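[1] Need a 3D model of the sequence below.
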Amino acid sequence: MKILVIQQKRIGDVLTSTILCNNLKNKYPDAKIDYMCYPNCIDVLLENPSINEIIVLTNTVRKSYPKLFKFIFEIRKKKYDVVIDAYSKLETNLITFFSGAKYKISYDKGYSSFFYNHNIKRFKNGTKSELGLAIDNRLLLLKPLISEPITDYKPKIFLRKEEIEAAEQLLQKHEIIYGQKPLIMFGILGSEWYKTYPIEKMAKIIDFTVEKLDADIVFNYIPSQLEEAQKVYDFCDEKTKNNIHFDLYSEGLRPFLALLSRCSMLIGNEGGAVNMAKALSVPTFSLFSPSVDKETWQIFENEKENVSIHLKDLKPEIYEEHDEKYIKEHTFKYFDEYPLELILEKLNDFFNELNVKKA
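    This next block holds a predicted model:
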C-alpha cells in the first residue's frame, strides 16, 4: 500500500499531523508512507521511522499553474492508494483529486465531495477533549482506514545521537553544564504581533523564574527578531541578566530542536516551539494570545508537564460579548485582563508540580 499524507501550513500543523503517519505505519507496517509539506517544515519530519519520503511543495510551484499541474501529474505517477489531505485548500484539493488514489480523505467543507470520496466532519469548538481539537480532528481522518481505537496520539520528534551531543557541546561552550541546574528556554516572541505577550511583562516572568530557580536562561528567537529580543533582555533585572545566555543561539531548526531537548522546560508564547517541546517531552508553560482558539491548540493539558494560560479560562464572558476579530484588534488590552500576578502564581505551581528547585 502507498499512502500520501498532505499537511501544508506551519510547523505546529505539520508536526501534529505526523500522528497520522505513526498510526498508519502501526496498522500497515509494510505500507510506504510519504508526507507532503512546505520546505520550512522538513526538519520536524526527519528521522521519523513512520515516514518513507518527504515531498516538498515549494512556493515556486504553488504560484505557477503550469508548474503546479506538472507537480500534480508527478504525484499521479507515484500511484498512491490513499491520499489524506489534512490541509484541504485549492492546491491540495487538486493534488488529491488527480492523484488516482482509491481513498481520497479530507474534511467535509460542503464543496469537498467533488474532490474527495471520504469527507470527514470535524468536531466543533466546545467539544470537550483532554487532547485538544488539533489532535482529535486529525485522528478522525484515519476512520476510513483504521476501525480499532487509537491510543498513539502524541506527535514525536526524532533526533540523532550526534545532534544531541552537538547541543551539549554548544552548552559547554557557553559554560553551561547539562544537568547541573535547570536550563529553561523562553519563547519571548510570538510569530505575529498579536501572539506576543507584552515584552516588559515577559521580562517580569523571566525575573520571577530566575529568582525562584536560579536557572540558566536561553531565548528562542530568529535573527529578524534580534532587536525585539534585546528589548526583552534590557527590561530584565541586572541579577536576571547574569543568568541569561543571550548569545547562545542555534543556527538551523535541527540544532534548535537538539538544544530544546536538553532544556528542563519551555516557557513563553504559544506557538510552534511549544508544539515542538511537547513532541520532545519537554514540559511547557505557554501564554496564549487572547484571540487564538484555545480549544484547538490547548493540547495534552491532561498532563502535569503542560500548562497554558488563556483569557477564556479566566473570563469566558469576554468571548460571549466580542468576536475573534474584535479581540485581536484589542490584543494588548485583553492581555492585561489576565493579571500578571495570577500568571506568576500559576507558574510557581507549575514549578512545584514538576518538583523543579534551585540547584
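[2] Nearest residue to R62 in space, please, no chain neighbours.
    Excluding its sequence neighbours, the residue lying closest to R62 (Cβ to Cβ, 6 or more residues apart in numbering) is E91, at 5.8 Å. Heads up, the C-betas are built off the backbone N, CA and C, glycines and all.
[3] in a strand, that's where the one you found is, yeah?
    No - using DSSP: H, G, I helix; E, B strand; the rest coil, the assignment for E91 is helix, not a strand.
[4] Buried residues of the helix or strand E227 falls within, list them for me.
    Element membership of E227, judged by DSSP states H and E, is helix 226-235. By neighbour count, with 16 or more other Cβ atoms under 10 Å as the criterion, the buried positions of helix 226-235 are 229, 231-233, 235.
[5] how much space is there between the residue nearest to R62 and R138?
    Distance of E91 to R138, computed by Cβ to Cβ, to the nearest Å: 19 Å.
[6] Which one of these two is surrounded by more residues?
    The neighbour comparison of E91 against R138 (other Cβ atoms under 10 Å) goes to R138, with 26 against 18.
[7] What is the distance between the one helix or strand the more buried one maps to and the centre of its chain?
    Taking DSSP H and E as the definition, R138 sits inside helix 133-140. Its chain's C-alpha centre lies 14 Å from the corresponding centre of helix 133-140 when counted by Cα atoms, centre = their mean, to the nearest Å.
[8] buried sites along it?
    Those would be 133-139, for helix 133-140 by 16+ other Cβ under 10 Å.
[9] how many other residues sit next to R254?
    Neighbour tally, R254, other Cβ under 10 Å: 20.
[10] Is the closest residue to it other than its chain neighbours in a helix, a strand, or coil?
    Sequence neighbours aside, D43 is the residue nearest to R254 in space, at 5.0 Å (criterion: Cβ to Cβ, 6+ apart). Counting by three-state DSSP, the backbone at D43 sits in helix.
[11] Show me where the chain has its strands.
    With DSSP state E, the ranges of strands along the chain come out as 2-6, 32-37, 53-56, 82-85, 103-107, 118-120, 183-187, 216-219, 265-269, 284-287, 306-309.
[12] and Y334, how many residues sit next to it?
    20.
[13] which residues touch the residue nearest to it when sequence neighbours are not counted?
    In this structure, Y334 finds its nearest non-sequential neighbour in P290, 3.8 Å apart by Cβ to Cβ, 6+ apart. Neighbouring residues of P290 by Cβ atoms under 8 Å, 6 or more residues apart in numbering: 310-312, 318, 327-328, 331, 334-335, 337.
[14] so V292 makes contact with E270?
    Yes - with contacts counted by Cβ atoms under 8 Å, V292 reaches E270, the gap being 6.6 Å.
[15] What is the burial count for P49?
    Neighbours around P49, by other Cβ under 10 Å: 10.
[16] wait, isn't it in contact with K25?
    Yes - using Cβ under 8 Å, P49 is in contact with K25, at 7.4 Å.
[17] contacting residues around E329?
    Neighbour list for E329: empty [criterion: Cβ under 8 Å, 6+ apart].
[18] switch to 10 Å and redo it
    194, 291, 322 (Cβ atoms under 10 Å, 6 or more residues apart in numbering).
[19] per the record, what domains does this protein have?
    Here the domain parsing of the chain from automatic domain parsing is 2-140, 162-354.
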